[in-house]
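[1] sequence unknown, structure follows:
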């Protein structure tokens with residue numbers, strides 16, 4: 001608590017200064033993890049109650065217990081691991097390829113005038129195109145197999161990564177770069193010690209976006225042309241009106257997204273230790 005210095009009038013009439021609450025902490029909301037888990041548990045309990053009481057037709061919305069049983073049966077039969085492993089391989093391969101290419105191109109755009117003029121033009125023209133619309137063309141180019149699906153994911157990840165990287169490079173304070181240049185620091189050292197740490201928060205934020213993009217694209221690609229994978233499993237369950245298995249696939253996708261988010265949180269804690 002901050003105390004206001006007593007004024008001359010207050011000293012004369014003998015009144016006591018009123019303490020003023022400190023309000024200089026800024027707008028920094030807390031994590032609120034407990035409230036989030038409690039709200040989720042209440043929503044699941046209400047969902048289970050609606051299903052058990054017969055308020056909702058189980059064909060259209062199965063109860064959480066039915067979804068849990070479907071996941072258990074899939075795990076015991078081995079089909080779950082077959083579908084999950086196929087999707088993880090596609091996501092991992094496409095994300096790595098797209099991320100590496102996006103980081104290289106993003107830094108080139110952020111550091112080179114020529115690369116900026118050429119790169120931003122192509123990114124602005126190609127980024128709005130839905131990448132899943134290119135899958136038939138990629139199948140024609142690369143054949144029927146894993147390559148078109150991985151290429152589709154890599155394309156979606158590439159553009160978002162490149163945008164986040166060069167945006168992060170542009171956000172680095174220029175006075176820090178000028179200070180390093182005034183001390184005759186080599187260009188590569190400026191990139192490693194000044195630009196890279198300054199752009200890292202934006203790059204990691206881009207990783208969150210590209211992980212979601214990769215998850216969306218792998219499901220779409222598997223629905224179009226795959227025998228195994230979470231997307232193919234969800235599509236097959238929907239065609240057979242097996243809504244418990246359909247929602248089981250959705251829950252698996254949600255859990256996968258949560259796992260990726262936690263991994264990025266750990267990465268941020270290690271790389272952005274100064275925050």
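    Looks like it arrived, so ask away. Everything numeric in this text was worked out from a predicted model, so none of it was measured.
[2] quick one: low-confidence ranges for this structure?
    Within the chain, the stretches with pLDDT under 70 are 1-17, 20-33, 274-275.
[3] what separates the lengthiest helix in it from the chain centre, distance-wise?
    Using DSSP state H, we find that the single longest helix of the chain is helix 79-111. In terms of CA atoms, centre = their mean, to the nearest Å, the centre of helix 79-111 is set 13 Å apart from its chain centre.
[4] Same question for stretch 261-269.
    Distance, stretch centre to chain centre, for stretch 261-269: 11 Å (CA atoms, centre = their mean).
[5] likewise stretch 238-256?
    21 Å.
[6] same deal with stretch 69-82?
    Going by CA atoms, centre = their mean, where stretch 69-82 is centred and where its chain is centred differ by 27 Å.
[7] buried sites along it?
    70-71, 74, 80 (16 or more other CB atoms under 10 Å). Every residue, glycine included, has its C-beta placed from N, CA and C.
[8] Return the two entries of the residues you listed that lie farthest from one another.
    70 and 80 (9.7 Å; CB to CB).
[9] which residues of the chain fall in strands?
    Here the chain has no strands by DSSP state E.
[10] related to what we said a few turns ago, I'd like to know which elements the longest helix of the chain is packed against.
    helix 64-77, helix 113-126, helix 146-171, helix 196-225, helix 230-239, helix 243-271 (3 or more CB pairs under 8 Å, 6 or more residues apart in numbering; DSSP states H and E).
[11] and the angle for that helix with helix 113-126?
    Orientation check (axes from the mean of the first three to the mean of the last three CA atoms, to 10 degrees): helix 79-111 against helix 113-126 gives 140 degrees.
[12] Tell me what angle helix 79-111 forms with helix 146-171.
    Using the same axes, to 10 degrees: helix 79-111 against helix 146-171 is 40 degrees.
[13] tell me which residues in helix 79-111 are buried?
    Under 16+ other CB under 10 Å, the buried positions of helix 79-111 are 80, 83-84, 86-87, 90-91, 93-95, 97-99, 101-103, 105-110.
[14] Also stretch 54-67?
    Across stretch 54-67, burial judged by 16+ other CB under 10 Å covers 61-63, 66-67.
[15] residue contacts, the residue nearest to residue 230 when sequence neighbours are not counted?
    Spatial nearest neighbour of residue 230, chain neighbours left out: residue 87 (4.7 Å); criterion: CB to CB, 6 or more residues apart in numbering. Taking CB atoms under 8 Å, 6 or more residues apart in numbering, we find residue 87 in contact with 218-219, 222, 229-231, 256.
[16] hmm, 7 Å instead?
    218, 222, 229-230 (CB atoms under 7 Å, 6 or more residues apart in numbering).
[17] Residue 59 now?
    241, 243.
[18] Just put the buried residues of stretch 69-82 in CSV and tack on distance to residue 199.
    Shown next, in CSV, are those (distance: CB to CB, whole Å):
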residue, distance to residue 199
70, 44
71, 40
74, 42
80, 39
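[19] Check the residues you listed against residue 54 and report the nearest one.
    Distance to residue 54, by CB to CB, is smallest for residue 70 among the buried residues of stretch 69-82, at 19.5 Å.
[20] pretty sure the closest one is in contact with residue 249, am I right?
    No - Residue 70 is beyond contact range of residue 249, at 9.1 Å (criterion: CB atoms under 7 Å).
[21] any idea how far residue 243 is from the closest residue to residue 44 other than its chain neighbours?
    Once flanking residues are discounted, residue 44 sits nearest to residue 64: 5.3 Å by CB to CB, 6+ apart. Using CB to CB, to the nearest Å, residue 64 is found at 13 Å from residue 243.
[22] Quick check: chain neighbours aside, which residue is closest to residue 257?
    residue 215 is the one closest to residue 257 (CB to CB, 6+ apart), at 6.0 Å.
[23] just to revisit the earlier point, tell me which of the buried residues of stretch 54-67 is nearest to residue 37?
    Using CB to CB, these come closest to residue 37 at residue 67, 18.6 Å.
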